[in-house]
Each structure stands twice: as structure tokens, then as C-alpha cells.
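Trainee: Test case, fold it:
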Amino acid sequence: MRYHLDTIPVWDAYKEKAPCPLCRLMDRAEKSYVDNFLGGSVMEPDVRIEVNQKGFCRHHFGLLYAQRNRLGVALMAHTHLGETLKDLDKRLDGALGAVRRGVGLFDSGVLAKANKNGALPQALNRLKEATADPGKTCIICERLEETLGRYVYTLMCMYENESDFRKAFAESSGFCLPHFAIVLDRAPQHLHGRRLEDFLTTLITIEKAHLHRLSDELYGYTQQFDYVNAGKDFSASRDAVPRTLNALRGGVLGES
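Mentor: From the prediction side, this is the model:
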């Protein structure tokens with residue numbers, strides 16, 4: 001997949017000293033997508049078709065509902081439910097017939113072991129598809145995955161071509177662990193030779209330093225509850241818990 005460069009948001013995230021620049025970028029992208037789906041796009045035919053087919057995951061339905069545009073959410077949920085029922089109704093009718101015929105109702109694990117292609121297992125599989133969570137059938141999750149790929153690609157291009165960005169990157173704290181893994185995995189797709197070696201060396205070095213610093217600060221946070229440390233200054237560890245959770249899992253508690 002080819003991406004276009006989107007350097008301004010990436011630069012902004014680094015200039016703002018974001019704990020994880022990709023978390024900052026993805027948080028903004030997610031808010032933009034939520035607003036967009038509750039705006040004019042909700043009535044665009046191609047968007048409505050996609051919404052009808054895929055809908056949103058639990059997390060993003062929650063974010064959409066929280067925006068208090070209840071009419072927009074109702075319109076999308078109604079047409080998505082209608083599309084879901086077109087297929088599910090037939091499967092559930094078939095499953096109901098199987099139930100009435102007493103197909104293995106009392107056998108443990110019958111859906112997995114017997115009559116695998118029967119009406120009841122098919123209905124169950126369709127339900128699993130329809131309720132896949134998180135993100136397997138979510139438009140916003142799909143958009144965010146593509147956006148993340150674009151930003152990772154842009155970041156690599158900036159590192160390869162802009163000396164100022166290489167400096168800013170080296171002075172950053174790296175990424176949360178989920179985004180660190182993604183960048184580490186995709187770096188060889190976009191960088192090569194000496195530049196790749198330099199990038200990976202810098203990335204791993206700053207990531208390790210950041211994680212060890214968090215570990216020390218988190219330990220300091222726990223020590224302030226010991227009476228023998230009464231009066232000691234633990235101000236550097238004040239917000240160590242949310243920063244550590246965000247680093248471990250990426251934006252768990254919002255940016256801190």
C-alpha cells in the first residue's frame with residue numbers, strides 16, 4: 001500500500017514532546033473520525049452502505065454515543081441492524097428449527113463437535129462475525145489502522161530525509177510498547193542499510209532508557225507510602241502510575 005506523506009502532524013507531536021507521538025496522533029485521528037461519522041458523512045450513500053455492512057466495535061459505538069448526537073447514532077444503528085437482520089433472521093430461523101428437532105441440545109460441546117455445517121453452528125458463527133470485538137468489523141478501527149500505517153511510513157521518510165527530525169527523534173522518549181513493537185517491525189520495510197541501522201540503534205536505546213526511567217520512578221512512587229521515607233521528595237514520581245500504564249498498553253488513561 002502506498003501512503004502520502006503527512007509530515008505536519010508528526011512534527012507537531014514531536015514538538016509537543018508527546019510521551020508517545022503515535023498515541024498523540026492516533027488519539028487525534030480517532031476524535032476526528034468520530035466527529036466525521038456524526039457529521040455530514042452520516043448521510044453520504046457510500047458511507048451509509050459501509051456502515052450498514054460493518055458497523056462499529058463496542059468501543060467506538062460508545063464514543064459515538066457519548067457525543068450526544070443521538071439521532072446520528074440512531075440512524076446508523078438502525079440501518080446496520082437492518083442489514084444484520086437480513087442474514088441473521090434466516091440463520092436463526094434455521095437454528096430454531098434445529099432446536100425444535102432436539103439436535104444434540106444436551107450434549108457438551110455439540111456445536112463444535114457435531115453437525116458442524118448445521119443450522120445452529122452457522123447461526124452461531126454469524127453471531128460471532130456480527131459481534132466481533134474489538135475492531136474486526138468496525139469502520140473506525142479500519143480507518144485508524146490505515147492512518148497508523150500512514151504515520152509510521154511518514155515518520156520513517158522524515159527520519160531518512162530530515163536531519164532536524166532525526167535530532168528530535170533522538171531526543172524523544174520513544175513510544176508506548178504497542179507502538180514500539182509496530183515501528184520496530186515495520187522499520188525494515190521503509191529504511192535500509194546504514195540509515196536503518198542508525199534508526200534501530202537510536203530507537204532501541206531511547207526506548208530502553210525511557211522504560212528504565214519509568215521503572216525507577218514507579219519504584220519511587222511505591223516508596224513514598226513507607227513511613228521511613230516520610231519527608232522525602234517524590235515529586236518526580238507523582239504521576240508515575242498513569243505514565244507507566246500508558247507506556248505499557250498505549251493511552252490507557254489518556255496522555256499524562
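
Trainee: Tell me where the model's unsure across this protein.
Mentor: 1-4, 41-43, 98-99, 101-124, 126-136, 225-237, 252-256 (pLDDT under 70).

Trainee: Residue 26 and residue 148 touch, don't they?
Mentor: Yes. In this structure, residue 26 is within contact of residue 148 by Cβ atoms under 8 Å, at 6.2 Å. Backbone N, C-alpha and C define where each C-beta goes, glycine included.

Trainee: got a list of what residue 76 touches?
Mentor: 37, 42, 48, 51, 55-56, 64 (Cβ atoms under 8 Å, 6 or more residues apart in numbering).

Trainee: typo on my end, it should be residue 156
Mentor: 186-187, 190-191, 199.

Trainee: Pull the most distant pair out of those.
Mentor: Of all pairs drawn from the contacts of residue 156, the greatest distance, 11.1 Å, lies between 186 and 199 (Cβ to Cβ).

Trainee: More neighbours: which of those two?
Mentor: More crowded of residue 186 and residue 199, by other Cβ atoms under 10 Å: residue 199, with 23 against 16.

Trainee: Summarise which helices and strands the strand or helix carrying the more buried one is packed against.
Mentor: Assigning secondary structure by DSSP states H and E places residue 199 in helix 193-223. Judged by 3 or more Cβ pairs under 8 Å, 6 or more residues apart in numbering; DSSP states H and E, the packing partners of helix 193-223 are helix 139-161, helix 163-170, helix 177-190, helix 240-249.

Trainee: which parts of the longest one are buried?
Mentor: Of the residues in helix 139-161, those scored as buried under the neighbour-count criterion (16 or more other Cβ atoms under 10 Å) are 139-141, 143-144, 147-148, 150-160.

Trainee: Give me the angle between the helix holding residue 199 and helix 240-249.
Mentor: 140 degrees (axes from the mean of the first three to the mean of the last three Cα atoms, to 10 degrees).

Trainee: how distant is helix 193-223 from the center of its chain?
Mentor: Distance, stretch centre to chain centre, for helix 193-223: 22 Å (Cα atoms, centre = their mean, to the nearest Å).

Trainee: thinking again about what came up before, as JSON lines, the contacts of residue 76 with secondary structure, distance to residue 205 and neighbour count would be great.
Mentor: What follows is the contacts of residue 76, written out as JSON lines (DSSP: H, G, I helix; E, B strand; the rest coil; distance: Cβ to Cβ, whole Å; neighbours: other Cβ atoms under 10 Å):
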{"residue": "37", "secondary structure": "helix", "distance to residue 205": "40", "neighbour count": "24"}
{"residue": "42", "secondary structure": "helix", "distance to residue 205": "46", "neighbour count": "18"}
{"residue": "48", "secondary structure": "helix", "distance to residue 205": "48", "neighbour count": "16"}
{"residue": "51", "secondary structure": "helix", "distance to residue 205": "44", "neighbour count": "21"}
{"residue": "55", "secondary structure": "coil", "distance to residue 205": "43", "neighbour count": "22"}
{"residue": "56", "secondary structure": "coil", "distance to residue 205": "39", "neighbour count": "25"}
{"residue": "64", "secondary structure": "helix", "distance to residue 205": "41", "neighbour count": "23"}
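
Trainee: Now flag whichever of those residues is closest to residue 71.
Mentor: residue 42 (9.1 Å).

Trainee: ranges for the helices of the stretch 1-150 of the chain?
Mentor: For the stretch 1-150 of the chain, the helices defined by DSSP state H, counting those that start in this stretch cover 7-15, 21-37, 45-54, 58-66, 70-100, 110-113, 119-130, 139-161.

Trainee: Among these, single out whichever gets nearest to residue 170.
Mentor: helix 139-161 (9.8 Å).
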